[in-house]
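Student: What follows is a predicted protein model with its sequence.
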Amino acid sequence: MRLSAEFHRLERDGETNQTIVVLDELTAITGQAADLYVQISRLLLRTAEIQPTVTPDMLGLLTDRVATVSNRVPAEDKKYSGNQS
């Protein structure tokens, strides 16, 4: 997906200083999303290991991670979708 976003951005805007900055930011966001995905996956694995009893702490950790990802993605999407010129 990252290469697709980079290609689309370069095709649309050309290679400018602003484009390079945006692509660097997208790369950073991709890395953060991957890290958060790994955290969620590990929490899900831990949850599966302790089933059928899931502690409130584990549910709280999972809820926090999902909320972080859910809140970050729309904010970044709005940031770049409004940057059309």
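Tutor: Sure, I can see it. Numbering: from 1, shown residues only.
Student: Distance check, residue 10 against residue 61.
Tutor: Note on residue 10: its distance to residue 61, by C-beta to C-beta, to the nearest Å, is 38 Å. C-beta: built from backbone N, CA, C; applies to glycine.
Student: So if I had to pick from these two, which one is more boxed in?
Tutor: Set side by side, residue 10 and residue 61 show more neighbours around residue 61, with 17 against 14, by other C-beta atoms under 10 Å.
Student: you'd agree that one is up against residue 40?
Tutor: No: using C-beta atoms under 8 Å, residue 61 makes no contact with residue 40, being 9.4 Å away.
Student: pLDDT-wise, which helix or strand of this protein ranks last?
Tutor: Sorted by mean pLDDT, DSSP states H and E, the helices and strands of the chain end with helix 2-13, the least confident at a mean of 70.
Student: And the pLDDT for the residue sitting nearest the centre point of the chain?
Tutor: Centroid-nearest residue in the chain, with C-alpha atoms, centre = their mean: residue 33, separated by 2.8 Å. pLDDT recorded at residue 33 is 84.
Student: Kindly report the same for residue 38.
Tutor: pLDDT at residue 38 comes out at 90.
Student: got it, and the one 10 residues further on?
Tutor: Predicted confidence (pLDDT) for residue 48: 83.
Student: mind checking which helix or strand it is in?
Tutor: helix 17-50 (DSSP states H and E).
Student: quick one on the thing from earlier: is it correct that the residue nearest to the centre of the chain is in contact with residue 69?
Tutor: Yes: between residue 33 and residue 69 there is a contact at 7.1 Å, judged by C-beta under 8 Å.
Student: Which other helices and strands does the helix holding residue 48 contact?
Tutor: helix 2-13, helix 56-81 (3 or more C-beta pairs under 8 Å, 6 or more residues apart in numbering; DSSP states H and E).
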